[in-house]
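**Student:** let's see this in three dimensions:
(chains A, B, C and D)
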2 protein chains.
Amino acid sequence: MLDQYQQQHPYLLALDSIIFGFDGEGLKVLLVKRGIEAETWSLMGGWLQPNESLEDAACRIVFDLTGLTNVYLEQLYAFGNPTRDPITRTVSVAYFSLIKIDEFEGTLSNTFQARWFSIYELPPLLFDHGDMVDLALKRLRYKAAQHPIGFELLPEKFTIPQLQKLYEAIYNTEFDKRNFSRKILSTNLLTKLDEKQKGYSRRGAYLYQVNSNKYQLTHNAFLNFIPSPELSL
Amino acid sequence: MLDQYQQQHPYLLALDSIIFGFDGEGLKVLLVKRGIEAETWSLMGGWLQPNESLEDAACRIVFDLTGLTNVYLEQLYAFGNPTRDPITRTVSVAYFSLIKIDEFEGTLSNTFQARWFSIYELPPLLFDHGDMVDLALKRLRYKAAQHPIGFELLPEKFTIPQLQKLYEAIYNTEFDKRNFSRKILSTNLLTKLDEKQKGYSRRGAYLYQVNSNKYQLTHNAFLNFIPSPELSL
DNA sequence: ACAAAAGTGTTAGAGCTACACCCATGC
DNA sequence: GCATGGGTGTAGCTCTAACACTTTTGT
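**Tutor:** Take a look at the predicted model:
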């Protein structure tokens, strides 16, 4: 009975978070330098606490670094190779999150030595964190092609050209702006505001926001322009 | 330094497998009655051993029950609610696998009291195993719509009508046979054999098999007839 | 007046859906 | 000869991809 439980080896259980952000130009990942291996960049991580669910713990970890709550958070994968952590055997459940970079308080950075890195110019990472980032990027590409999650990376109010730049950054490609805006608007997920964005272009672009009633309900197919080689999950 | 590791609580780490099979009529899940709660049906599961990766462990568990190796196996999700296992806190990583039911040796069943259940008529399950099955079904539907994994549930040689019945079972719906076979054949993933299936219908249907060179390479979009409400992951 | 980005429409082709009839065989 | 399941073709429609010019405004 209970012997079956007591005879088992327990393991350390960590969580690691791939935190994506978009600064208007490129897709970024937030990395830190932490404790043991303070010379190597790594993902923000932490240990599972006795009364937390995995998701609670992942939330807490993102909050500790960014000060943000209510961010988009999704379980990515459990990494459990016996040799992945050379110090002790540790299973790590990786989560990825999408944050609105404009809400991120850079002030917390120095506690953790955090820095944004372009996904195309990552430094060498601790343990298997490089694999985690690769997988997270694949998953983000896969998912953003079919579900309206891109908005999580933009401010509350944004323009169509901003959204296009975001998708171009995610897929590292370019889209035709006429086809792009037609497809986005045909989803009816966006509400056009009376405001225009100032300062970036002379003419100014209309601001939009997600109309949240539809956002919740539409977990159906969203966009179909997945650049083919990127599908895999 | 190492203190950081030593101060942490370890947890028991289990694996649970959702094993799908297709018997020509309906989509089935393989359930067992095991140890502690021998009155409740549950998923086949086991504990992570010190030298195994998560995937190794999941493989082993599927092998122990079915005697099969080289089955399709994919990590589904890590379940870690503090109260999910009332006996001890346990984190479980769930995997789902697709097996060719004709290769499954039913002889092993009585060791584990295994039985196939229709996914639409499941008994009450242990712990959160019901959630696991629900999620696995969602994932299977999501994935099979875009990736050619359905074949994993069929014998090496199969007919188009068999394949159609499988997809109809997965999505619990019906497809037009003309459109179905056109779409399947247009992927060029199948090789038509000179043999016909005998015994099931009077006329007999041509047998096909997956041409495996293309199967490997084509992790691109596959089919587009995802019944809309089922997308979510 | 010009530079820089925003905004907008059309056309040809591909892919999708819906639909009905003949074929081969065992009884 | 008939019942059962297997196999095939077409027409209308929708969606997609490709493509260029006009508008606005700050300097």
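
**Student:** regarding chain A, what is its longest strand?
**Tutor:** If you go by DSSP state E, chain A has its longest strand at strand A:10-22.

**Student:** and that one, anywhere near chain B?
**Tutor:** Yes. Residues of strand A:10-22 contacting chain B under C-beta under 8 Å from any C-beta of the partner chain: A:10-13. For every residue, glycine as well, the C-beta is placed using N, CA and C.

**Student:** relative to strand A:10-22, how tilted is the helix or strand that that strand is followed by?
**Tutor:** Downstream of strand A:10-22, the next assigned helix or strand under DSSP states H and E is strand A:27-33. Interaxial angle of strand A:27-33 relative to strand A:10-22 (axes from the mean of the first three to the mean of the last three C-alpha atoms, to 10 degrees): 140 degrees.

**Student:** list the buried residues of strand A:27-33.
**Tutor:** A:27-32 (16 or more other C-beta atoms under 10 Å in any protein chain shown).

**Student:** check which helices and strands that strand is in contact with.
**Tutor:** Under the contact definition 3 or more C-beta pairs under 8 Å, 6 or more residues apart in numbering or on different chains; DSSP states H and E, strand A:27-33 sits against strand A:10-22, strand A:41-42, strand A:44-47, helix A:54-66, strand A:115-118, helix A:160-171.

**Student:** for DNA strand D, which of those is the nearest?
**Tutor:** Distance to DNA strand D, taken as C-beta to the nearest atom of the strand, is lowest for helix A:160-171 among those, at 12.3 Å.

**Student:** what's the average pLDDT for the closest one?
**Tutor:** In this model, helix A:160-171 has a mean pLDDT of 96.

**Student:** so what secondary structure elements neighbour that helix?
**Tutor:** strand A:27-33, helix A:129-144, helix A:177-186, strand A:206-210.

**Student:** could I get those as JSON lines with mean pLDDT and distance to DNA strand D?
**Tutor:** Formatted as JSON lines, those follow (pLDDT from 0 to 100; distance: least, C-beta to the nearest atom of the strand, whole Å):
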{"stretch": "strand A:27-33", "mean pLDDT": "95", "distance to DNA strand D": "22"}
{"stretch": "helix A:129-144", "mean pLDDT": "95", "distance to DNA strand D": "15"}
{"stretch": "helix A:177-186", "mean pLDDT": "95", "distance to DNA strand D": "4"}
{"stretch": "strand A:206-210", "mean pLDDT": "96", "distance to DNA strand D": "11"}
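
**Student:** identify, out of those, the most deeply packed stretch.
**Tutor:** Comparing these by mean neighbour count (mean count of other C-beta atoms under 10 Å in any protein chain shown), strand A:27-33 ranks first with a mean of 21.

**Student:** OK, contacts around residue A:124?
**Tutor:** A:40-41, A:130 (C-beta atoms under 8 Å, 6 or more residues apart in numbering or on different chains).

**Student:** which residues of chain A lie near DNA strand C?
**Tutor:** Within chain A, the positions near DNA strand C by C-beta under 7 Å from any atom of the strand are A:159-161, A:177-179, A:181-182, A:196, A:200-206.

**Student:** hmm, 6 Å instead?
**Tutor:** A:159-161, A:177-178, A:181, A:201-203, A:205-206 (C-beta under 6 Å from any atom of the strand).

**Student:** which pair in the residues you listed spans the largest distance?
**Tutor:** Pairwise distances across the residues of chain A next to DNA strand C (C-beta to C-beta) peak at 20.5 Å, for the pair A:178 and A:202.

**Student:** these two touch, right, residue A:171 and residue A:140?
**Tutor:** No. Contact criterion C-beta atoms under 8 Å: residue A:171 and residue A:140 do not qualify, at 9.8 Å.

**Student:** still on that earlier bit, need the buried residues of strand A:27-33 in TSV (columns: distance to residue B:5).
**Tutor:** TSV is the format used below for those (distance: C-beta to C-beta, whole Å):
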residue	distance to residue B:5
A:27	33
A:28	30
A:29	25
A:30	24
A:31	21
A:32	18
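
**Student:** wait, which of those is closest to residue A:125?
**Tutor:** Residue A:125 lies nearest to residue A:31 out of the buried residues of strand A:27-33, by C-beta to C-beta, at 7.4 Å.

**Student:** most surrounded residue in the residues of strand A:10-22 next to chain B?
**Tutor:** When neighbours are taken as other C-beta atoms under 10 Å in any protein chain shown, the top entry among those is residue A:13 (25 neighbours).

**Student:** excluding its backbone neighbours, what's nearest it?
**Tutor:** residue A:48 (4.3 Å; C-beta to C-beta, 6 or more residues apart in numbering or on different chains).
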